[in-house]
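Peer 1: here are the coordinates; sequence isn't available:
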């Protein structure tokens, strides 16, 4: 969906890995909300790998919309072949504190923070799009760079992304927006994943009290990070899927046998809490439990080997 | 296994529900540890329901060895047709504080507490028995009855149960023994269930720190209930399955799609903590999460109906 929006206003290369054959031949099909039905869409260029895309030239903006799973693959390392002195890096990804490794690795490049509200799913090149595309774009402030050019890069990106069908705005306080989204993602998303139920069932099955406890902790951690979220955001998030037995993204991932975005959504929040001396026992325990679940997935995918004989520590 | 041991010394009726056809025709087969291979064992009587067993006469001892899931079926109500003035009720079941509803419902009957260490599994009438049968028997003290006859009933039961192959002893402090077993069951058993891994993987995947935190809480709750467990019981339990990727009982239940013994193992411990003002946040959260999981199983089994449209509370 980002490639579509960007290609309307600029020369865009989409890196399409698992669906490359489908998309390079037939394009994406997109259904429906903002743009109606689009039978076949191809951006100006389609590459099947980061290395191939790097061969095509230099990029003003490198837009990252992948799942963010640093315990499996670090995006800041993956994109290295694409980054030049002129590149602005745009992270349209979940989580909190996700800009830090980019600012550290690319101290001279601007790093932008995109918080996306869009319900779209890719089924092998066929995009089902059921929610209006809203993108808030701001800056992961790099203290080594001046503020103005960073903000200018964000505003230019907004101009490239926005059109009369979507909503894309420059967000001066995108950190607030990230923490706000985390109120949902660090709690409802994680607890649904751990208990194996959607948000509607979680409520029917008596899980909302512990979710509220976790949300209250997110508010405290955000405050310690300089972000004052209003109390009523909690009930707003709890009611945000009303009417639907909504499966949040992490539950969808785990049901598909995929990795979950644990470290950027919950791990980073817990680490900020520890750093700032904030008590967040519910978040910490849910995090510890889901780390075990993530390792289970790593074993299934062959990324973590379990010895044939159970080892005894210290022996 | 209990029916086998008891039938050697007394007239025993086994109530066999799902395996009635197999067992009433061919008996149980038992393999292996204490008794070697037994091709076909039938106790003196086999009944297919509690009601049928009640028709056969009166019982001195009513021995309950079922899973204990009071949120689905209350055992004290199920056994009612069997209970007469002379009956002693023996609960060879998991959990803490499980005698209370029996003492309340049958205030004139002696209620015994059996803590079993036996690794045996019933596969449709074929019993696989891999661990030595050790049974500790004591009294759920009923303050309305004198101590002596309660203890006498326990000792008589021990004499009926024990033989030269098993170990069955009278346990003056069976409450200690129950709490001791709970150090394992309320923590390793529940956390493995929630994360979907066996004890060996839980350790490899980094889950033991939170288990230790939970165990420490069990020790505090036990203390508030008058039971002083030694500190080193924690490491003893953590190491008790060493060498095996052992799947604890609750994990086996959930993997089979069955109910878990949540209320008697963890729910009662959390309620005792609340009653006694003991802080047990880890146990409380794991309990709240597993309640959602139990309700998920209830939905799957048709015992809990989820409305077609997700209801909005207060509307």
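Peer 2: Cool, the structure landed. All values derive from a computational prediction rather than experimental measurement.
Peer 1: the helix or strand bottoming out on mean pLDDT in chain A: how far from the chain's middle?
Peer 2: Lowest by mean pLDDT, DSSP states H and E among the helices and strands of chain A is strand A:120-123, with a mean of 82. The chain centre lies 15 Å from the centre of strand A:120-123; the measure is Cα atoms, centre = their mean, to the nearest Å.
Peer 1: what does chain A have sitting close to chain B?
Peer 2: A:191, A:194-197, A:200-207, A:209-210, A:239, A:242-245, A:281-282, A:285-286, A:288-289, A:291-293, A:295-296, A:299, A:306-307, A:309-313 (Cβ under 8 Å from any Cβ of the partner chain). All C-beta spots, glycine's among them, are computed from the backbone N, C-alpha and C.
Peer 1: which among the residues you listed end up buried?
Peer 2: The neighbour count (16 or more other Cβ atoms under 10 Å in any protein chain shown) marks A:191, A:194-197, A:200-205, A:207, A:210, A:245, A:282, A:285-286, A:288-289, A:291-293, A:295-296, A:306, A:310 as buried among those.
Peer 1: distance of residue A:155 relative to residue A:64?
Peer 2: 19 Å (Cβ to Cβ, to the nearest Å).
Peer 1: oops, could you answer that again for residue A:260 instead?
Peer 2: The spacing between residue A:260 and residue A:64, counted by Cβ to Cβ, is 18 Å.
Peer 1: more crowded one of the two?
Peer 2: When residue A:260 and residue A:64 are compared on other Cβ atoms under 10 Å in any protein chain shown, the one with more neighbours turns out to be residue A:260, at 24 against 20.
Peer 1: that one touches residue A:250, doesn't it?
Peer 2: Yes - counting by Cβ atoms under 8 Å, residue A:260 does reach residue A:250; the two are 4.7 Å apart.
Peer 1: what is in contact with these two at once?
Peer 2: Both residue A:260 and residue A:250 are contacted by residue A:193, under the criterion Cβ atoms under 8 Å, 6 or more residues apart in numbering or on different chains.
Peer 1: domains of chain A?
Peer 2: Listed by the TED database, the domain ranges of chain A are A:1-172, A:177-301.
Peer 1: nearest to residue B:139, out of those domains?
Peer 2: Nearest of the domains of chain A to residue B:139, taken as Cβ to Cβ: domain A:177-301 at 35.1 Å.
Peer 1: how long is that closest one from one end to the other?
Peer 2: With Cα to Cα, to the nearest Å as the measure, domain A:177-301 spans 34 Å from end to end.
Peer 1: any idea of the mean pLDDT in it?
Peer 2: Computed over domain A:177-301, the mean pLDDT rounds to 97.
Peer 1: just give me how far it sits from the chain centre.
Peer 2: How far domain A:177-301 lies from its chain's middle: 14 Å, per Cα atoms, centre = their mean.
Peer 1: name the residues that touch stretch A:236-243?
Peer 2: A:183-184, A:187-188, A:199-200, A:203, A:208, A:211-212, A:215, B:309-310, B:312.
Peer 1: with distance to residue B:34 and secondary structure added, can I get those in a markdown table?
Peer 2: Shown next, in a markdown table, are these (distance: Cβ to Cβ, whole Å; DSSP: H, G, I helix; E, B strand; the rest coil):
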| residue | distance to residue B:34 | secondary structure |
| --- | --- | --- |
| A:183 | 57 | helix |
| A:184 | 55 | helix |
| A:187 | 50 | helix |
| A:188 | 50 | helix |
| A:199 | 50 | helix |
| A:200 | 50 | helix |
| A:203 | 49 | helix |
| A:208 | 49 | helix |
| A:211 | 48 | helix |
| A:212 | 51 | helix |
| A:215 | 53 | helix |
| B:309 | 56 | coil |
| B:310 | 53 | coil |
| B:312 | 57 | coil |
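Peer 1: redo those as TSV? Include distance to residue A:50.
Peer 2: Listed next are the contacts of stretch A:236-243 as TSV, based on distance: Cβ to Cβ, whole Å:
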residue	distance to residue A:50
A:183	33
A:184	31
A:187	33
A:188	33
A:199	35
A:200	39
A:203	41
A:208	42
A:211	38
A:212	42
A:215	37
B:309	45
B:310	41
B:312	45
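Peer 1: follow-up on the earlier one: from the buried ones among the residues of chain A next to chain B, which land in strands?
Peer 2: If you go by DSSP state E, these have nothing in strands.
Peer 1: check contacts around residue A:261.
Peer 2: So residue A:261 contacts A:67-69, A:94-95, A:249-250, A:253 (Cβ under 8 Å, 6+ apart).
Peer 1: which of these ranks first by neighbour count?
Peer 2: residue A:250 (27 neighbours).
Peer 1: all strands of chain A, in order?
Peer 2: For chain A, applying DSSP E gives strands covering A:13-15, A:28-32, A:38-41, A:45-47, A:61-64, A:88-92, A:111-117, A:120-123, A:126-129, A:134-139, A:167-170.
Peer 1: what about the residue of the stretch 1-150 of chain A found nearest chain B, how many neighbours?
Peer 2: When scored by Cβ to the nearest Cβ, the stretch 1-150 of chain A has residue A:71 as its residue closest to chain B, at 11.6 Å. Residues contacting residue A:71 under the criterion other Cβ under 10 Å number 17.
Peer 1: hmm, it is touching residue A:260, no?
Peer 2: No - using Cβ under 8 Å, residue A:71 is not in contact with residue A:260; the gap is 9.9 Å.
Peer 1: shared neighbours of the two, which are they?
Peer 2: In contact with both residue A:71 and residue A:260: residue A:294, using Cβ under 8 Å, 6+ apart.
Peer 1: about what we covered before: quick one: residues in contact with the least confident helix or strand of chain A.
Peer 2: Outside strand A:120-123, the residues that touch it by Cβ under 8 Å, 6+ apart are A:1, A:19, A:127-131, A:133.
Peer 1: still on that earlier bit, turn the strands of chain A into a markdown table, columns for distance to residue B:45.
Peer 2: Shown next, in a markdown table, are these (distance: least, Cβ to Cβ, whole Å):
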| stretch | distance to residue B:45 |
| --- | --- |
| strand A:13-15 | 73 |
| strand A:28-32 | 67 |
| strand A:38-41 | 74 |
| strand A:45-47 | 76 |
| strand A:61-64 | 71 |
| strand A:88-92 | 71 |
| strand A:111-117 | 67 |
| strand A:120-123 | 60 |
| strand A:126-129 | 62 |
| strand A:134-139 | 71 |
| strand A:167-170 | 75 |
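Peer 1: out of those, flag the one nearest residue B:87.
Peer 2: With Cβ to Cβ, the closest approach to residue B:87 among the strands of chain A belongs to strand A:120-123: 60.5 Å.
Peer 1: if you count neighbours, what's buried in that closest one?
Peer 2: Buried residues in strand A:120-123 (16+ other Cβ under 10 Å): A:120, A:122.
Peer 1: who does that strand pair up with?
Peer 2: strand A:126-129 (antiparallel) (DSSP bridges).
Peer 1: list the buried residues of the partner strand.
Peer 2: So strand A:126-129, judged by 16+ other Cβ under 10 Å, has buried residues A:127, A:129.
Peer 1: give me the distance between it and the centre of its chain.
Peer 2: 18 Å.
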